[in-house]
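>>> Just a sequence and a predicted model for now, questions to come.
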Amino acid sequence: MSNSVHGHDVMALMVAQGAAIIKPELLCLMGQKFGFAARYHTCSAADLSAEALIQLLIGKGKFHETPQGIELAAGRKCEH
């Protein structure tokens, strides 16, 4: 998976962002940081698009959708 970005890296990007971000801006930020053709993986899923990764992280409760945008859920970052 050397060409794949781990979801932890996207979560770290959200921590660095420091505030909620709307999905199109998050997708653009991910593209700028990791490449617009990047694929993503997590501990439980592989070969995800940026959009699919965001949806997976929302579904797992690691990201929350708020009126201000998507934000990292407090205390939900993996420690491995």
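Received, thanks. For clarity, every value in this text was computed on a predicted model and none was experimentally measured.

>>> Report the central residue of the chain.
For the chain, the residue nearest the mean C-alpha position is V10 (4.0 Å; CA atoms, centre = their mean).

>>> Give the buried residues for the host helix or strand of it.
Using DSSP states H and E, V10 falls within helix 7-17. Of the residues in helix 7-17, G7, H8, V10, M11, L13, M14, Q17 count as buried by neighbour count, 16 or more other CB atoms under 10 Å. Yep, even glycine has a C-beta here, placed from its N, CA and C like the rest.

>>> and the closest residue to N3 other than its chain neighbours, bridged to which residues?
Excluding the flanking residues, the one nearest N3 by CB to CB, 6 or more residues apart in numbering is R39, at 6.7 Å. Note on R39: beta-bridge partners by DSSP bridges are S4.

>>> Mind listing residues that contact stretch 52-65?
For stretch 52-65, the external contacting residues (CB atoms under 8 Å, 6 or more residues apart in numbering) are 7, 10-11, 14, 23, 26-27, 40, 42, 45, 48, 70-73, 76-77.

>>> can you do 7 Å?
Stretch 52-65 has contacts (CB atoms under 7 Å, 6 or more residues apart in numbering) with 7, 10-11, 23, 26, 40, 42, 45, 48, 70-73, 76.

>>> Give me the mean pLDDT for it.
Stretch 52-65 shows a mean pLDDT of 95.

>>> got the CA coordinates for that stretch in PDB?
Output of stretch 52-65 as PDB, limited to C-alpha atoms (Å, rounded to 0.1, in the frame of the first residue of the first chain):
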ATOM      1  CA  ALA A  52     -15.400   7.200   0.500                       C
ATOM      2  CA  LEU A  53     -12.900   7.700   3.300                       C
ATOM      3  CA  ILE A  54     -14.800  10.700   4.600                       C
ATOM      4  CA  GLN A  55     -18.000   8.700   4.600                       C
ATOM      5  CA  LEU A  56     -16.300   5.800   6.300                       C
ATOM      6  CA  LEU A  57     -14.900   8.100   9.000                       C
ATOM      7  CA  ILE A  58     -18.300   9.700   9.500                       C
ATOM      8  CA  GLY A  59     -19.900   6.200   9.800                       C
ATOM      9  CA  LYS A  60     -17.400   5.100  12.400                       C
ATOM     10  CA  GLY A  61     -18.000   8.300  14.400                       C
ATOM     11  CA  LYS A  62     -14.500   9.700  13.900                       C
ATOM     12  CA  PHE A  63     -15.800  12.700  11.900                       C
ATOM     13  CA  HIS A  64     -19.000  14.600  12.700                       C
ATOM     14  CA  GLU A  65     -21.000  16.600  10.300                       C
END
